[in-house]
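In: Prediction below, plus the sequence it came from.
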2 protein chains.
Amino acid sequence: MNTCLDCLPCIFRQTLDAARRVSDDPAIHERVARQVAAWIHAADLKESPPVMAQRLHRYLKGLTGIEDPYAAAKARDNALALSLMPELRERLAVSSDPLLLAVRLAIAGNLIDLGPKHDLSAEEIRHSIRQVLDAPFSGDVETFRQAVANACDILYLADNAGEIVLDRLLIEALGPARVTVAVRGAPVINDATMEDARAAGLHEIVRVISNGSDAPGTVLGECGAEFLKRFTQADLVIAKGQGNFETLSAAPRDICFLFKVKCPVISSNVGLPPGTQALLWSRAGKDSKGRS
Amino acid sequence: MNTCLDCLPCIFRQTLDAARRVSDDPAIHERVARQVAAWIHAADLKESPPVMAQRLHRYLKGLTGIEDPYAAAKARDNALALSLMPELRERLAVSSDPLLLAVRLAIAGNLIDLGPKHDLSAEEIRHSIRQVLDAPFSGDVETFRQAVANACDILYLADNAGEIVLDRLLIEALGPARVTVAVRGAPVINDATMEDARAAGLHEIVRVISNGSDAPGTVLGECGAEFLKRFTQADLVIAKGQGNFETLSAAPRDICFLFKVKCPVISSNVGLPPGTQALLWSRAGKDSKGRS
């Protein structure tokens, strides 16, 4: 997905959020803002928004030497999601459609995203996950159910810390034996890395691999060989979150995207109102609306 | 007031709003966005936000040749405000404190601002003006009342079209014989010009002058001689709107600012929540918080 002009004010706002999280020094904040302005001036808008975010977070690391400024936030969100697991497992146990409920819980977890949104309070996160069925849902669940039934090899692209704990519920519903989970190759924003997969206990039930990249999405040209092999060969790829959608919606294979519609640009792109839990297929060679 | 880093995403958003209002051509939108990014990269943050807005709107005029892209919006907002005048005059006629009510109505009119906000609907504007007493108010009304009582010569700096119609109610309460109204010297955003003063009928009751500048605020270094003379000599200067506050809060004379707090930056600067109707004095040589 291209970066559109409406992404630019948001990139600017995220820049300030990130710079302030990394440093208390207003001179650093200003320097980063001016640098991002220079990038925007000369930006290749055919690049997806996560590529710009990747450049920003690499620059912040270089300036401050801080490798993982979101480490505490990620640990907090993992712990919060873990604390909800017993009650969510109870709901799944009595659900008449546990696969759909697990899909919706995994999407509900996608609100834990420190890119587009400022910090949500623990209470807001808890409430939104508990009220998972209150949000509008859009997607062809039967096609998904069929694809899952037919797949021997499922690649699951995780998105954020916290969220990855809820992903475990869906992975359990899919059947862990045939699932590989891919996480980011290095910390960026609050995206899930190997450490978060371990916090979620995923390493105990599935194979977890790194995608080899520090983009807050999946930039195939940067990903490692093992990841690319699995990405190409898997019967079914499930990709979580807007960042994966933005970077993979035109990828050369069918992908099932699961995300919460969080910004007006994505909302307009997929034709769904903000807040929607979206289960969306991209088909190789076609865009998200099925246009070839 | 300096431009702060949090103004930058907002300037970017306003840039897109303005570019789209002036042209349907995405190439123009992109060119303007890139130009503003270059300005931000090299910006003098000691300049106030209206100076950046002035530069943007001059650039848009140069690119498109359109002198007054907000002409229709301004005419619509003047007509809307004029349609409310009979009922507002009735309320003033029975008010126990018509000066304060007129102050609050003039501030309520300040929500008609196409800079920080997207278009408000006619119904939102009507509702907000009719419910003028529902908004929180902050300011020392008695000091204002005293200043008005003591002034022989009042300079009233208008802000936006539509709003200027409601300003008339306050100007009538002040006593038009001693009031001069200043408007922008040329169209910029929906700021009031001589044409809007005439639409409000102000030319029939007071002297109306141009400030000689096309900034959406009052940049003294650009203003005309007649304006500067009156600005210096007036017993009382009343300045409407955030743009005038941003450009004049450190001016070398006492000024009474009347505006609706509309953005988080101003809110933080003046220590009042967004939505507040603010009556605020700046004292020569001190900032808005009275610090020298």
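Out: Happy to help now that I have it. It should be emphasised that the depicted structure is a prediction, and the values quoted were computed from it without experimental measurement.

In: alpha carbons only for contacts and neighbour counts from here, please
Out: Fine.

In: Regarding A:Arg230, which helix or strand does it belong to?
Out: helix A:225-233 (DSSP states H and E).

In: helix or strand right after that helix?
Out: Next along the chain from helix A:225-233, counting by DSSP H and E, comes strand A:236-240.

In: quick one: strands adjacent to that following strand?
Out: Using DSSP bridges, strand A:236-240 pairs in its sheet with strand A:154-157 (parallel), strand A:255-260 (parallel).

In: Give me the contacts around it.
Out: A:107, A:110, A:147-148, A:151, A:153-159, A:231, A:245, A:254-259 (C-alpha atoms under 8 Å, 6 or more residues apart in numbering or on different chains).

In: buried subset of the residues you listed?
Out: A:107, A:110, A:147-148, A:153-159, A:231, A:245, A:254-259 (16 or more other C-alpha atoms under 10 Å in any protein chain shown).

In: Next, the angle strand A:255-260 makes with the helix holding A:Arg230.
Out: Helix A:225-233 and strand A:255-260 are oriented at 100 degrees to each other (axes from the mean of the first three to the mean of the last three C-alpha atoms, to 10 degrees).

In: So which bits of helix A:225-233 are buried?
Out: In helix A:225-233, counting by 16+ other C-alpha under 10 Å, buried: A:Phe227, A:Leu228, A:Arg230, A:Phe231.

In: Dump those to TSV, plus distance to chain B.
Out: As requested, these are arranged in TSV below (distance: C-alpha to the nearest C-alpha, whole Å):
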residue	distance to chain B
A:Phe227	36
A:Leu228	34
A:Arg230	38
A:Phe231	35
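
In: picking up where we left off before, out of the strands paired with strand A:236-240, which comes closest to A:Pro9?
Out: Comparing the strands paired with strand A:236-240 by their distance to A:Pro9 (C-alpha to C-alpha), the top pick is strand A:255-260, with 20.7 Å.

In: Any buried residues in the strand or helix carrying A:Lys61, and which?
Out: Per DSSP H and E: A:Lys61 is located in helix A:49-64. Neighbour-count burial for helix A:49-64 flags A:Pro49, A:Pro50, A:Val51, A:Met52, A:Ala53, A:Gln54, A:Leu56, A:His57, A:Arg58, A:Leu60, A:Lys61 (criterion: 16+ other C-alpha under 10 Å).

In: do stretch A:11-31 as well
Out: A:11-19, A:22-23, A:28-30.

In: next one: stretch A:85-97
Out: Under 16+ other C-alpha under 10 Å, the buried positions of stretch A:85-97 are A:Leu88, A:Leu92.

In: For it, C-alpha coordinates in PDB please.
Out: This file holds the C-alpha atoms of stretch A:85-97, laid out as PDB (Å, rounded to 0.1, in the frame of the first residue of the first chain):
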ATOM      1  CA  MET A  85      -6.500 -15.400  29.500                       C
ATOM      2  CA  PRO A  86      -8.400 -17.500  32.200                       C
ATOM      3  CA  GLU A  87     -11.700 -15.700  31.600                       C
ATOM      4  CA  LEU A  88     -11.200 -15.700  27.800                       C
ATOM      5  CA  ARG A  89     -10.500 -19.400  27.800                       C
ATOM      6  CA  GLU A  90     -13.700 -20.000  29.800                       C
ATOM      7  CA  ARG A  91     -15.700 -18.000  27.200                       C
ATOM      8  CA  LEU A  92     -14.100 -20.100  24.400                       C
ATOM      9  CA  ALA A  93     -14.900 -23.300  26.200                       C
ATOM     10  CA  VAL A  94     -18.600 -22.600  26.200                       C
ATOM     11  CA  SER A  95     -18.800 -20.800  22.800                       C
ATOM     12  CA  SER A  96     -20.900 -22.200  20.100                       C
ATOM     13  CA  ASP A  97     -18.300 -21.000  17.500                       C
END
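
In: Could you point out the longest helix of chain A?
Out: helix A:71-94 (DSSP state H).

In: Alpha carbons only: can I get the helix or strand that that one is followed by in PDB?
Out: Remark: after helix A:71-94, the chain's next helix or strand is helix A:98-108, criterion DSSP H and E. Extracted in PDB, the C-alpha atoms of helix A:98-108 (Å, rounded to 0.1, in the frame of the first residue of the first chain):
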ATOM      1  CA  PRO A  98     -14.900 -21.000  19.200                       C
ATOM      2  CA  LEU A  99     -13.000 -20.400  15.900                       C
ATOM      3  CA  LEU A 100     -14.900 -17.200  15.200                       C
ATOM      4  CA  LEU A 101     -14.700 -16.000  18.800                       C
ATOM      5  CA  ALA A 102     -10.900 -16.700  18.700                       C
ATOM      6  CA  VAL A 103     -10.600 -14.700  15.500                       C
ATOM      7  CA  ARG A 104     -12.500 -11.800  17.000                       C
ATOM      8  CA  LEU A 105     -10.400 -11.900  20.200                       C
ATOM      9  CA  ALA A 106      -7.200 -12.000  18.100                       C
ATOM     10  CA  ILE A 107      -8.500  -8.900  16.200                       C
ATOM     11  CA  ALA A 108      -9.600  -7.200  19.400                       C
END
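
In: Identify the residues contacting helix A:98-108?
Out: Contacts of helix A:98-108 (C-alpha under 8 Å, 6+ apart): A:92, A:95, A:128-129, A:132-133, A:137, A:141, A:163-164, A:166-167, A:169-170, A:173-174, A:240-241, A:258-260, A:277-278.

In: Swap in 7 Å and give it another go.
Out: Contacts of helix A:98-108 with the rest of the structure, by C-alpha atoms under 7 Å, 6 or more residues apart in numbering or on different chains, involve A:92, A:128-129, A:132, A:163, A:166-167, A:169-170, A:173, A:258-260, A:277.

In: Then stretch A:138-154?
Out: With C-alpha under 7 Å, 6+ apart, stretch A:138-154 has contacts from A:174, A:178-180, A:234-237, A:276-280.

In: Repeat that for stretch A:20-32.
Out: By C-alpha under 7 Å, 6+ apart, stretch A:20-32 touches A:Leu16, A:Ala19, A:Pro69, B:Leu5.

In: likewise stretch A:72-83?
Out: Residues contacting stretch A:72-83 (C-alpha under 7 Å, 6+ apart): A:Ala161, A:Gly162, A:Val165, A:Leu166, A:Asn190, A:Ala199.
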